[in-house]
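Engineer: give the three-dimensional model of this entry:
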Amino acid sequence: MLKFLQQPAYKPTETGPAADAKYKRLRLQVFLGAFIGYAGFYLVRKNLSMAIPAMAPLGFEKTELGFVLGLNAAAYALSKFLMGSVSDRSNARAFLPLGLILTAISMCFMIVPIQWIGAEHKTWAIIVMGVLNALVGWFNGMGWPPCGRVMTHWFSPGERGTMMSIWNCAHNVGGALVGPMATYGAAWFGSWFYGSHSELYFLIGTFAFPAAVALFIALLAYILLRDTPQSCGLQSVEAWRNDYPKNYSEKHETTLTTKEILFHYVLNNKFLWFIALSNAFVYMVRYGCLDWAPTILTEKGIDLKSAGWAYFAYEFAAIPGTLLCGWLSDKLFHGRRALPTMIFMALVLIFVVLYWMFIDNLTVVIISLIGIGFFIYGPVMLIGVQALDLAPKNAAGTAAGLTGFFGYFLGTFILANTIIGLVAQNAGWGWTFAMLVAACLLAIFFMGLTLTEERRK
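Structural biologist: Numbering: from 1, shown residues only. Got it, this is the predicted structure:
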């Protein structure tokens, strides 16, 4: 492994009031670093979704752009699993900023196939666009695993649902800012680069401006993050808070081999596979609604600026919903994650049906998007927490990576991007909504298979 990614050595343990004060200060600092850093990844994540309506006049079609979107999800899925294993053996302080820098650079270069190759050479444009968007997805996969590592090492099981729900809002903050940044970035900087060619202004707002901001955030995250309490001369968080899970072992504080992580703690755990399948259908609904919302709205006669604010509303509605879901899982359900996930997905189902039945009514559509955003991100967050709960913390990145792989490869790449793009192009939006309804039901079913095991633990 590269030297600067190696985990820092444990320092002699400090105790006493000064150590307690240091612990509290560093927990807040590390949490802010993980929150800001992960929000930065979402500034340079799914930006192509916002660009799709503006690319149609340039000669690009929904089906081929849906495929490019899907490559991002497929690469992210593979990266989240494989790089999750690497992150379990890496220094989170270096791993996260490196991934964000590489993501931002790849995102900025998305301008090249659209502007310089163009639809006149569509085959090459789509290939280059696909490769770059796949790189964006791959490097983005370096964001969640180090954050999962940080959260499991600095926050104990009894507080993890609440803290993860707060941290999980980072991707809503970052994702919600993509719409306004695309709008105002184009307005502020478009004429500097493209003069009177206003049809190209969106390239700056959608790709270059968010990438520049993400580079600054990578530096800030490096300043704030620390790897583990022990690397700072502090106790494990379980010892500090006297909050040990039933399956806790001192071995969970050591670095495991890749073979131990994969074959002893992750791949042979059938309940991780159940939540991974549930996650696939949760993500199908999440991105089936989010990625195609700007396209649906613009096809209904809504201007791109209004569509961007609808995108913003969907993401920001998730913040109170995620906080509520995490709090309920800790306080009302006493650390159980499956039942609140199932309840929230049932509520998502109601809003998906409303979206479908009243798709020509803009007011109801916006309300439905807000409702879906409010309820969908709680399950997204809790499935990640449940994966962390089902594996020791030194295998946290890999366990969450498995569920993430299913969410992004099957749920997003195959179903939400590729299949929905094809169905929308050839059969209309009605059939896509029928698929989303089925996805809600399947997510609830597979999550239900974990109820007994979660009660036992």
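
Engineer: any idea of the mean pLDDT in stretch 101-120?
Structural biologist: What stretch 101-120 shows for mean pLDDT is 87.

Engineer: dump the C-alpha coordinates for it into PDB.
Structural biologist: The C-alpha coordinates for stretch 101-120 follow below in PDB (Å, rounded to 0.1, in the frame of the first residue of the first chain):
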ATOM      1  CA  ILE A 101      -9.600  15.300  -5.600                       C
ATOM      2  CA  LEU A 102      -9.600  12.600  -8.300                       C
ATOM      3  CA  THR A 103     -13.400  12.800  -8.600                       C
ATOM      4  CA  ALA A 104     -13.300  16.600  -9.100                       C
ATOM      5  CA  ILE A 105     -10.700  16.300 -11.800                       C
ATOM      6  CA  SER A 106     -12.600  13.600 -13.600                       C
ATOM      7  CA  MET A 107     -15.800  15.600 -13.400                       C
ATOM      8  CA  CYS A 108     -14.200  18.800 -14.800                       C
ATOM      9  CA  PHE A 109     -13.100  16.800 -17.900                       C
ATOM     10  CA  MET A 110     -16.700  15.800 -18.600                       C
ATOM     11  CA  ILE A 111     -16.800  19.100 -20.600                       C
ATOM     12  CA  VAL A 112     -14.400  17.700 -23.200                       C
ATOM     13  CA  PRO A 113     -16.600  15.000 -24.900                       C
ATOM     14  CA  ILE A 114     -19.700  17.300 -24.800                       C
ATOM     15  CA  GLN A 115     -18.000  20.500 -26.200                       C
ATOM     16  CA  TRP A 116     -15.000  19.400 -28.100                       C
ATOM     17  CA  ILE A 117     -16.100  16.000 -29.500                       C
ATOM     18  CA  GLY A 118     -19.800  16.600 -29.700                       C
ATOM     19  CA  ALA A 119     -22.700  14.800 -31.200                       C
ATOM     20  CA  GLU A 120     -21.100  15.100 -34.700                       C
END
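
Engineer: off-centre distance for it?
Structural biologist: Averaging C-alpha positions (C-alpha atoms, centre = their mean, to the nearest Å) puts stretch 101-120 22 Å from its chain's average.

Engineer: residues in contact with it?
Structural biologist: 41, 44-45, 47-48, 51, 55, 58-60, 124-126, 128-129, 132-133, 135-136, 139-140, 142-143, 200, 203, 207-208, 210-212, 214-215, 218 (C-beta atoms under 8 Å, 6 or more residues apart in numbering). Just so you know, the C-beta spots here come from the backbone N, C-alpha and C atoms, and that holds for glycine as well.

Engineer: looking at these, which are in helices?
Structural biologist: Judged by DSSP state H, the subset of these located in helices is 41, 47-48, 51, 55, 124-126, 128-129, 132-133, 135-136, 139-140, 203, 210-212, 214-215, 218.
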